[in-house]
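[1] Mind folding the following:
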Amino acid sequence: MTFRARLVLAAAYLLAAVVIALAVPLALNVDRRATSELESDVVGDTTVLSGRVANLVRIGATNQLTGVIEQATVGAGARTVVVGPSGAVLADTNGAAPGTPFATPERPEFGTALGGSVDVRQRHSDTLGEELLLVTVPVTDRGEVVGAVRVSAPMGEVDESVRSSWLALGLIGLAVVAAGLVLAWILAGTIARPVEKLRAAAGRLGRGDLAARVEPEGPREIDELGRPFNRMAGALSSNLAAQRDFVANASHQLRTPLTGIKLRLEAIQAEGGTAAEQAAKAEA
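    Below you'll find the predicted structure:
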């Protein structure tokens with residue numbers, strides 16, 4: 001892996017860590033806020049509705065109750081159930097028959113509401129296949145609890161909104177990481193290019209190119225590395241040139257005496273041959 005790639009990879013790790021550290025808490029906050037807003041709306045609507053039906057619940061006017069709760073706006077797709085003090089159904093937007101026992105152990109929220117407290121909880125509906133927000137409010141008339149109203153609001157729209165927000169956050173995070181990587185690539189080039197040039201110059205110098213030099217550039221540390229390299233290359237070039245001159249001079253100095261000795265030996269050899277010829281002639 002190249003030096004530039006390592007720098008970009010390190011930047012990617014850092015960017016990913018920062019984006020995750022910021023995006024995860026924000027995503028969780030979006031989820032909590034969306035749920036809280038839905039809960040606040042449903043609690044408010046249910047509380048208003050309980051006040052409107054208090055007199056009807058006391059007298060058990062089931063037909064009028066059904067008309068009131070069907071017209072009430074307590075959330076899209078919500079189901080509203082009104083029970084009397086015994087927990088039996090008085091009115092239900094889903095059509096449960098009046099008198100049907102509804103405050104069962106499987107629905108503990110009615111016990112809480114009939115005890116005079118507001119109950120807010122979430123429960124999964126196997127029938128709808130999604131989470132429901134259940135808000136159960138006591139119905140009081142003249143300070144006496146005469147029944148309870150429960151509104152069950154599907155969480156599907158909230159979950160869809162949260163997922164859309166999470167997707168938007170994810171896309172923003174990816175855009176930030178991508179932009180950061182592009183910037184990191186550009187900045188890494190300002191560091192990697194001088195290092196690559198220095199590496200190439202060192203390679204040329206190692207192969208015998210004594211003219212190899214680098215143009216100091218980049219960050220101060222790399223610039224300060226290039227200048228000593230140039231001084232080293234210049235000193236090496238000067239030393240090798242001095243050695244070549246020394247060898248050439250030494251060779252010349254050695255070659256001159258050797259040439260003189262060779263000439264003298266040839267002269268002696270020539271004189272010896274002439275003397276031998278004269279002695280042979282004399283004997284003849």
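
[2] His124 and Glu160, how far apart?
    From His124 across to Glu160, the span is 17 Å (CB to CB, to the nearest Å). C-beta coordinates here come from the backbone N, C-alpha and C atoms, glycine included.

[3] do Ala88 as well
    As judged by CB to CB, Ala88 and Glu160 stand 36 Å apart.

[4] residue ranges for the helices of the chain, please.
    3-59, 62-71, 108-114, 156-206, 220-283 (DSSP state H).

[5] And the contacts of the second one?
    So the one you mean is helix 62-71. Residues from elsewhere that reach helix 62-71, judged by CB atoms under 8 Å, 6 or more residues apart in numbering: 49, 52-53, 56-57, 80, 82, 90-93, 98, 149.

[6] Most neighbours among those residues, which one is it?
    Val149 (30 neighbours; other CB atoms under 10 Å).

[7] What residues of stretch 167-183 count as buried?
    169, 173, 176-177, 180-181 (16 or more other CB atoms under 10 Å).

[8] ugh, typo on my part, it should be stretch 21-37
    Of all the residues in stretch 21-37, those buried under the rule 16+ other CB under 10 Å are 23, 27, 30-31, 34-35.

[9] nearest to Met1, of the residues you listed?
    Ala23 (28.0 Å; CB to CB).

[10] I'd assumed Ala168 was in contact with the closest one.
    No. If you go by CB atoms under 8 Å, Ala23 and Ala168 don't touch, sitting 10.5 Å apart.

[11] just for this structure, where's the confidence low?
    By pLDDT under 70, the weakly predicted segments of the chain are 73-76, 216-219, 221-225, 250-260, 263, 267, 271-284.

[12] distance of Leu181 from Ile172?
    In terms of CB to CB, Leu181 sits 15 Å off from Ile172.

[13] Leu26 too?
    For Leu26 relative to Ile172 (CB to CB), the value is 10 Å.

[14] okay, and the common contacts of the two?
    Counting by CB under 8 Å, 6+ apart, Leu26 and Ile172 have no common neighbour.

[15] just to revisit the earlier point, any chance of the helices of the chain in a markdown table, with distance to Thr136 too?
    Formatted as a markdown table, the helices of the chain follow (distance: least, CB to CB, whole Å):
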| stretch | distance to Thr136 |
| --- | --- |
| helix 3-59 | 8 |
| helix 62-71 | 14 |
| helix 108-114 | 4 |
| helix 156-206 | 19 |
| helix 220-283 | 69 |
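
[16] looking at those helices, which is closest to Val137?
    It is, among the helices of the chain and with distance given as CB to CB, helix 3-59, at 4.6 Å.

[17] which other helices and strands contact that closest one?
    helix 62-71, strand 79-83, strand 130-141, strand 144-154, helix 156-206 (3 or more CB pairs under 8 Å, 6 or more residues apart in numbering; DSSP states H and E).

[18] same thing but at 10 Å, please
    Helices and strands touching helix 3-59, by 3 or more CB pairs under 10 Å, 6 or more residues apart in numbering; DSSP states H and E, are helix 62-71, strand 79-83, strand 89-92, strand 119-125, strand 130-141, strand 144-154, helix 156-206.

[19] What pairs with the shortest one, parallel or antiparallel?
    Read it as strand 89-92. strand 79-83 (antiparallel) (DSSP bridges).

[20] Could I get the CA-only coordinates of the strand it pairs with as PDB?
    Extracted C-alpha coordinates of strand 79-83, given in PDB (Å, rounded to 0.1, in the frame of the first residue of the first chain):
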ATOM      1  CA  ARG A  79     -58.800   2.800  17.800                       C
ATOM      2  CA  THR A  80     -60.800   4.300  20.700                       C
ATOM      3  CA  VAL A  81     -62.400   2.200  23.400                       C
ATOM      4  CA  VAL A  82     -64.600   3.600  26.200                       C
ATOM      5  CA  VAL A  83     -65.300   1.400  29.200                       C
END
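
[21] This completes my enquiry, with thanks.
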